[in-house]
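Engineer: Predicted model and sequence follow; I will ask about them next.
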Amino acid sequence: MLNKLEVFKLLDAPLLLGLSRKSMVHRTLGVSPEEALNGSTVLHTIGIEKGADIIRTHDVKEAMEAILLLEAMRQKK
């Protein structure tokens, strides 16, 4: 679904993305859920770039840092 997330924007409704520490993240990386922060942040970043409006996360500080960096990069374009 993440690969085609932008398609859901056709619904004209806010998109919630909840990938924080999901099994697809930690199993793919071969780590425990507690060690999956980096993977979750990467997928959240991709989701935001593809149109996610809301991020449901266990790691608010790190998610906010990713959002702030994306916003800063968008302003420099």
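Structural biologist: That came in fine, so what should we check first?
Engineer: what about residue 62, which helix or strand?
Structural biologist: When elements are defined using DSSP states H and E, residue 62 is found to belong to helix 60-75.
Engineer: for that helix, packing partners?
Structural biologist: Other helices and strands packing on helix 60-75, by 3 or more Cβ pairs under 8 Å, 6 or more residues apart in numbering; DSSP states H and E, are helix 37-49. Using the backbone N, CA and C atoms, a C-beta is placed for each residue, glycine as well.
Engineer: What is whichever helix or strand comes after the helix it packs on packed up against?
Structural biologist: Scanning forward in sequence from helix 37-49 by DSSP H and E, the next helix or strand is strand 54-55. If contacts are counted by 3+ Cβ pairs under 8 Å, 6+ apart, strand 54-55 sits against strand 16-17, helix 37-49.
Engineer: now with 10 Å?
Structural biologist: Counting contacts by 3 or more Cβ pairs under 10 Å, 6 or more residues apart in numbering; DSSP states H and E, strand 54-55 is packed against strand 16-17, helix 37-49, helix 60-75.
Engineer: Deepest in the core, which of the ones you listed is it.
Structural biologist: Burial among the helices and strands packed on strand 54-55, expressed as mean neighbours by mean count of other Cβ atoms under 10 Å, is greatest for helix 37-49, which shows a mean of 19.
Engineer: before we move on, the earlier item: of the helices and strands packed on strand 54-55, which approaches residue 3 most closely?
Structural biologist: In terms of Cβ to Cβ, the element of the helices and strands packed on strand 54-55 nearest to residue 3 is helix 37-49, at 9.1 Å.
Engineer: the inter-axis angle of the closest one versus helix 60-75?
Structural biologist: 40 degrees (axes from the mean of the first three to the mean of the last three Cα atoms, to 10 degrees).
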